[in-house]
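Asker: task: produce atomic coordinates for the following.
(2 chains)
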Amino acid sequence: MVNKNNVEGKFQVKPLDSFEKIRNGYKIKSYNIKSLDEKPVDYFVFASHEKPEVYVFKKIDGKYTVLDDKTIQFEYDPIQF
Amino acid sequence: MQKLQENINRIKQLMLVEKDEQLSLFTGEEKPINLNSEEFTKKYKEKVYFILRDLYKSNWDSDKSRGPGGGGGVIGVHTVFDLLNKKGLTDYDPEGGDWSILNYFDTNPQVRKTIVGLYEKETGNIMDNTKIMEDFIKWMSRNRNIIFKDGPILDDLIKKNAESLYQGELNERKAYDFLSKALEKLKGWKLKGRSVPGSKNDRSGVDFLWLIKTMLKVNFK
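Answerer: Numbering: from 1, shown residues only, chains lettered A, B, ... in the order given. The predicted structure is shown next:
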């Protein structure tokens, strides 16, 4: 919140290596994301200049899991604009 | 007593042992770690920051809004702006571009891996426990000039970090363009732009901000 009329959203961009729909959500391969859950951001953006697609996930604590340094799993859908 | 402390500090300085290191006759128990362990990365980050502050005193930023914890960082040498320009990003925003790429050495995995590789090659040790980690930290401190001052090792570290930075910048541009187009459909929203290099937002992982100017309710599916 920046003032009573304005709301701010913070984004972190991480590389998009692969995106996979799984039974109970989505699995994304990225890079150097071990501490992603500690970042003070509102949205995660997965993008690569070599790929046409971009995925934006709202940060919802408890509903995503960092599996390892390169893999993250979300239990909910990316934002549809 | 004061004289004694002064002598201890002088000896530590001569030995290239800083105030944050405790000389001990006893070693604790070894605990397994790896290059990505929090215990290792925390210690490594602190030492790299300390070394850079020591070696680049004359290029240290006095602006307390930048660097880890607002402690400042290196400016004016091996700058982000120059390095990205050389890689062809001639439209890179000059604001904050005086920030040195050396300031990212504490978090860049490729730089970390390279420095540890040099240590392992020279000593024959493998970085897999806390005892080796302590030895590595002291080794890096002793070899600070060879590693972090101008020379072939620094050139290699800069090259690796600059490539990461370049790829990251391209990815951020892709994300920024995508969101800018998406936000055209959403009344009241706008992108504020990227974080200034070295700023609190940049250091904490915030790449850019967007702003909703009015309290419109926007439902994302």
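
Asker: only C-alpha atoms for contact and neighbour calcs from this point on.
Answerer: Fine.

Asker: which residues touch the closest residue to B:Glu172 other than its chain neighbours?
Answerer: Distances taken as C-alpha to C-alpha, 6 or more residues apart in numbering or on different chains place A:Val13 nearest to B:Glu172, at 6.1 Å, with adjacent residues excluded. Contact analysis of A:Val13 by C-alpha atoms under 8 Å, 6 or more residues apart in numbering or on different chains lists A:Phe44, A:Val45, A:Phe46, A:Ala47, B:Asn171, B:Glu172, B:Ala175, B:Asp207.

Asker: now the last one: how far from B:Ser65?
Answerer: As for B:Asp207, its distance to B:Ser65 is 16 Å (criterion: C-alpha to C-alpha, to the nearest Å).

Asker: those two: who's more crowded?
Answerer: The neighbour comparison of B:Asp207 against B:Ser65 (other C-alpha atoms under 10 Å in any protein chain shown) goes to B:Asp207, with 25 against 15.

Asker: you'd agree that one is up against A:Lys39?
Answerer: No: between B:Asp207 and A:Lys39 there is no contact under C-alpha atoms under 8 Å: 10.9 Å.

Asker: circling back: can you redo the contacts of A:Val13 as JSON lines with pLDDT and secondary structure?
Answerer: Compiled in JSON lines, those are given as follows (pLDDT from 0 to 100; DSSP: H, G, I helix; E, B strand; the rest coil):
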{"residue": "A:Phe44", "pLDDT": "94", "secondary structure": "strand"}
{"residue": "A:Val45", "pLDDT": "94", "secondary structure": "strand"}
{"residue": "A:Phe46", "pLDDT": "96", "secondary structure": "strand"}
{"residue": "A:Ala47", "pLDDT": "96", "secondary structure": "strand"}
{"residue": "B:Asn171", "pLDDT": "93", "secondary structure": "helix"}
{"residue": "B:Glu172", "pLDDT": "90", "secondary structure": "helix"}
{"residue": "B:Ala175", "pLDDT": "91", "secondary structure": "helix"}
{"residue": "B:Asp207", "pLDDT": "75", "secondary structure": "coil"}
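
Asker: quick one, what contacts A:Tyr31?
Answerer: By C-alpha under 8 Å, 6+ apart, the contact set of A:Tyr31 is A:Lys14, A:Pro15, A:Asp17, A:Asp69, A:Lys70, A:Thr71.

Asker: what bridges to the residue nearest to B:Glu172?
Answerer: On the basis of DSSP bridges, A:Val13 is bridged to A:Val45.

Asker: state the distance from it to B:Ala175.
Answerer: Counting by C-alpha to C-alpha - A:Val13 and B:Ala175 are separated by 7 Å.

Asker: identify the contacts common to those two.
Answerer: A:Val45, A:Phe46, A:Ala47.

Asker: got the contact list for the second one?
Answerer: Under the criterion of C-alpha under 8 Å, 6+ apart, the contact partners of A:Phe46 comprise A:Val13, A:Lys14, A:Pro15, A:Leu16, A:Ser30, A:Val54, A:Tyr55, A:Val56, B:Ala175.

Asker: which one of the contacts of A:Tyr31 is nearest chain B?
Answerer: Of all those, chain B sits closest to A:Pro15, with 6.6 Å by C-alpha to the nearest C-alpha.

Asker: related to what we said a few turns ago, state the pair within the contacts of A:Phe46 that is farthest apart.
Answerer: Spatial extent of those (C-alpha to C-alpha) is set by the pair A:Ser30 and B:Ala175 at 14.4 Å.

Asker: which one's more surrounded, those two?
Answerer: Comparing A:Ser30 with B:Ala175 by other C-alpha under 10 Å, the one with more neighbours is B:Ala175, at 26 against 20.

Asker: what is the neighbour count of the nearest residue to the more buried one once chain neighbours are set aside?
Answerer: Leaving aside its sequence neighbours, B:Ala175 sits nearest to A:Ala47 (C-alpha to C-alpha, 6+ apart; 5.8 Å). Number of residues near A:Ala47 (other C-alpha under 10 Å) recorded here: 28.

Asker: which bits of chain A sit near chain B?
Answerer: Contact residues, chain A versus chain B (C-alpha under 8 Å from any C-alpha of the partner chain): A:5-15, A:32, A:39-41, A:45-49, A:54, A:77-81.

Asker: in strands only, show me these.
Answerer: Secondary structure assignment (DSSP state E) places A:7-15, A:45-47, A:54 from the residues of chain A next to chain B within strands.

Asker: hmm, back to that, can you tell me which of the contacts of A:Phe46 is closest to B:Leu186?
Answerer: A:Val56 (15.5 Å).

Asker: the closest one belongs to a strand?
Answerer: Yes: counting by DSSP: H, G, I helix; E, B strand; the rest coil, A:Val56 is part of a strand.

Asker: not counting residues beside it along the chain, what's closest to it?
Answerer: Closest to A:Val56 by C-alpha to C-alpha, 6+ apart is A:Val45, at 4.5 Å.
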